[in-house]
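Visitor: test case, fold it:
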Amino acid sequence: MSGKQRKSLAFYATPAHDCSYLPDREATTLFADPGFPKDTRLYTLLSRSGFRRSGKHIYRPHCRACQACTPTRVLVAEFQWRRAQRRSWRRNSDLRVRAVEPELREDHYALYRRYINFRHPDGGMQNPTKEQYLEFLTSHWSMTTFYEFRLGARLVAVAVTDELLDGWSAVYTFFDPDCRERSLGVYTILWQVEEVRRRELPWLYLGYFIAGSSKMRYKCEYRPQEHYLDGRWVRVDA
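Guide: Presented below is the predicted three-dimensional model:
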């Protein structure tokens, strides 16, 4: 390090605000110093401690009176298929997947707007601008890829993923609301599980599981998984 002392990473907590997932609760978010140089190695280390990326920021819930947000990752080498997941896999075998750079594409952005306005009509994310779209999904320092899923020429889903040293982080997925019969949300996670396994990496990080939130309930369907509890990862099989 050429005799220079490395700067220590600081963390900053936001003021308490309304929780987006559980009614009548307040939330506080802990952010890694926005000005600290970040790379995949640091991102991996922080992911192992329950952090996650949103835009260029790395964060973790830090609520004083609640610990409902549980960091979750899937052990892909031991993944246990469920019957409904196998049906979704077969149903979407006609889709073509392509990796593209994390940049603005008009068809991606149009699909994202449709998805947000359909799934979150009453939330603060509706009618996102192009700038908000990129600020949320991309950063200049992460190894991010947009995986697009097409039925012929038609774009039906995009999975935004970050490459870590020990797996992938599933940042966000958006898909065509008119294709509900395909269970595209399920399929894109299954595809990521299989791709991480193919690359012989151990984990797919799914972000936060919240037992009391219907929006997050789907994450418990991918087993076995590990939950980050009291400073360590604990295996959950059933």
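
Visitor: in this protein, what helix or strand scores lowest on average pLDDT?
Guide: strand 17-18 (a mean of 90; mean pLDDT, DSSP states H and E).

Visitor: what's in contact with that one?
Guide: Strand 17-18 has contacts (C-beta atoms under 8 Å, 6 or more residues apart in numbering) with Arg25, Glu26, Ala27, Thr28. Using the backbone N, CA and C atoms, a C-beta is placed for each residue, glycine as well.

Visitor: show me the two of the residues you listed that sit farthest apart.
Guide: Arg25 and Thr28 (10.7 Å; C-beta to C-beta).

Visitor: joint contacts of the two?
Guide: Cys63.

Visitor: all strands of this structure, in order?
Guide: Counting by DSSP state E, the chain has strands at residues 11-13, 17-18, 26-27, 29-32, 52-54, 57-61, 70-75, 96-100, 144-151, 154-164, 167-175, 203-209, 225-229, 232-236.

Visitor: can you list the ones you listed in CSV and add mean neighbour count and distance to Glu106?
Guide: Output for those, formatted as CSV (neighbours: other C-beta atoms under 10 Å; distance: least, C-beta to C-beta, whole Å):
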stretch, mean neighbour count, distance to Glu106
strand 11-13, 13, 36
strand 17-18, 10, 33
strand 26-27, 17, 34
strand 29-32, 18, 31
strand 52-54, 21, 23
strand 57-61, 20, 26
strand 70-75, 23, 33
strand 96-100, 11, 13
strand 144-151, 18, 13
strand 154-164, 21, 10
strand 167-175, 23, 14
strand 203-209, 22, 27
strand 225-229, 19, 36
strand 232-236, 13, 40
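
Visitor: hmm, Met216 and Tyr21 touching each other?
Guide: Yes: assessed by C-beta atoms under 8 Å, Tyr21 is found in contact with Met216 at 6.7 Å.

Visitor: more neighbours, the two?
Guide: More neighbours surround Met216 than the other of Tyr21 and Met216, with 19 against 16 (other C-beta atoms under 10 Å).

Visitor: and the nearest residue in space to the more buried one that is not next to it in sequence, what does it touch?
Guide: Computed as C-beta to C-beta, 6 or more residues apart in numbering, the closest residue to Met216 that is not its neighbour in sequence is Ile210, at 4.3 Å. Ile210 makes contact with Tyr21, Leu22, Ala68, Cys69, Thr70, Met216, according to C-beta under 8 Å, 6+ apart.

Visitor: I figured the fourth one hits Ser213, correct?
Guide: No: with contact taken as C-beta under 8 Å, Cys69 and Ser213 are classed as non-touching, separated by 9.1 Å.

Visitor: next, show the common contact partners of the two.
Guide: With C-beta under 8 Å, 6+ apart as the test, Cys69 and Ser213 both reach Tyr21.

Visitor: who's more crowded, the two?
Guide: It is Cys69, of Cys69 and Ser213, that has more neighbours when counted by other C-beta under 10 Å, with 25 against 17.

Visitor: can you tell me how far the most centrally placed residue in the chain sits from Cys66?
Guide: In the chain, the residue lying closest to the centroid (C-alpha atoms, centre = their mean) is Val171, at 2.6 Å. Distance, Val171 to Cys66, by C-beta to C-beta, to the nearest Å: 24 Å.

Visitor: ok, now Phe136?
Guide: Using C-beta to C-beta, Phe136 is found at 24 Å from Cys66.

Visitor: low pLDDT regions in the protein?
Guide: Low-confidence segments of the chain (pLDDT under 70): 1-6, 121, 123-124, 238.
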